[in-house]
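Asks: sequence plus predicted model, see below.
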Amino acid sequence: MTITLHAELGNLQPLDLDAGSVFNGTPSGRTVSGYSGPCSYTPSPDPDYIFHETSRDVIVWLMNSSDPLYVFGPTGSGKTSLIKQLAARLNYPVFEVTGHSRLEFPDLVGHLSVRDGNMEFQYGPLALAMRFGGLFLLNEIDLLEPATATLELPL
């Protein structure tokens, strides 16, 4: 299964799309990166979803993302829906995790495990997003233990 997943994600073809056409149907001349087609980790688009004007900041971040994005707001305000619908329109795979007090860093990055008598690395959702160009969505980050939430990857 891991080989099939890696092959599917490895076959994603990057594509520049017109941001206006993607999000409101009116060409804007501004491009945003996406993929030519969805994969099994791409959320399904909701044809009734309407991008609110305040979504513009997240879309602009996505057009020039060099830093992580932290979206906050009250429960039920649409934070996760926004990210998933952005990903659906752009065919991005989304690797989603809900934080909890027992979540550890290897759960996010991956770990070695024995498979068919051999050691192999099982990629976690963060490593999959980094390796294949997807979005890593960590919900409820405030529920993580501080040691897990503040771990930084070496450069």
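Replies: Yep, that arrived. Numbering: from 1, shown residues only.
Asks: and the residue nearest in space to the middle of the chain, what does it touch?
Replies: What sits nearest the mean C-alpha location of the chain, by Cα atoms, centre = their mean, is L135, with 1.6 Å. L135 makes contacts with I83, A87, Y92, P93, V94, F95, A129, as judged by Cβ atoms under 8 Å, 6 or more residues apart in numbering. (Each C-beta comes from the backbone N, C-alpha and C, glycine too.)
Asks: contact partners for the third one?
Replies: Which is Y92. Residues touching Y92, when contacts are defined by Cβ under 8 Å, 6+ apart, comprise G34, Y35, T42, L86, G133, G134, L135.
Asks: cool, and the fifth one?
Replies: Applying Cβ under 8 Å, 6+ apart to V94 gives the contacts Y41, T42, P43, I83, K84, A87, G134, L135, L137.
Asks: got the phi and psi for it?
Replies: For V94, the backbone dihedrals are phi -120, psi 130 (criterion: degrees, to the nearest 10).
Asks: state the distance from it to L5.
Replies: For V94, the distance to L5 (Cβ to Cβ, to the nearest Å) stands at 14 Å.
Asks: surely A149 touches L143?
Replies: No. At 9.1 Å, A149 and L143 do not qualify as touching, with contact defined as Cβ atoms under 8 Å.
Asks: find residues that contact each of those two.
Replies: Common contacts of A149 and L143, defined by Cβ under 8 Å, 6+ apart, comprise G99.
Asks: show me what the longest helix seen in the chain is packed against.
Replies: With residue count as the measure and DSSP state H as the assignment, the chain has helix 79-90 as its longest helix. Contacts defined by 3 or more Cβ pairs under 8 Å, 6 or more residues apart in numbering; DSSP states H and E place helix 79-90 against helix 19-23, strand 31-35, helix 56-63, strand 94-98, strand 135-139.
Asks: picking that back up, most neighbours among the contacts of V94, which one is it?
Replies: Within those, neighbour counts (other Cβ atoms under 10 Å) peak at A87, which reaches 24 neighbours.
Asks: show me what contacts that residue?
Replies: T42, P43, P93, V94, L135.
Asks: and those residues as JSON lines, adding distance to A19 and pLDDT?
Replies: Conversion of the contacts of A87 to JSON lines gives the following (distance: Cβ to Cβ, whole Å; pLDDT from 0 to 100):
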{"residue": "T42", "distance to A19": "18", "pLDDT": "97"}
{"residue": "P43", "distance to A19": "18", "pLDDT": "97"}
{"residue": "P93", "distance to A19": "20", "pLDDT": "97"}
{"residue": "V94", "distance to A19": "19", "pLDDT": "97"}
{"residue": "L135", "distance to A19": "16", "pLDDT": "93"}
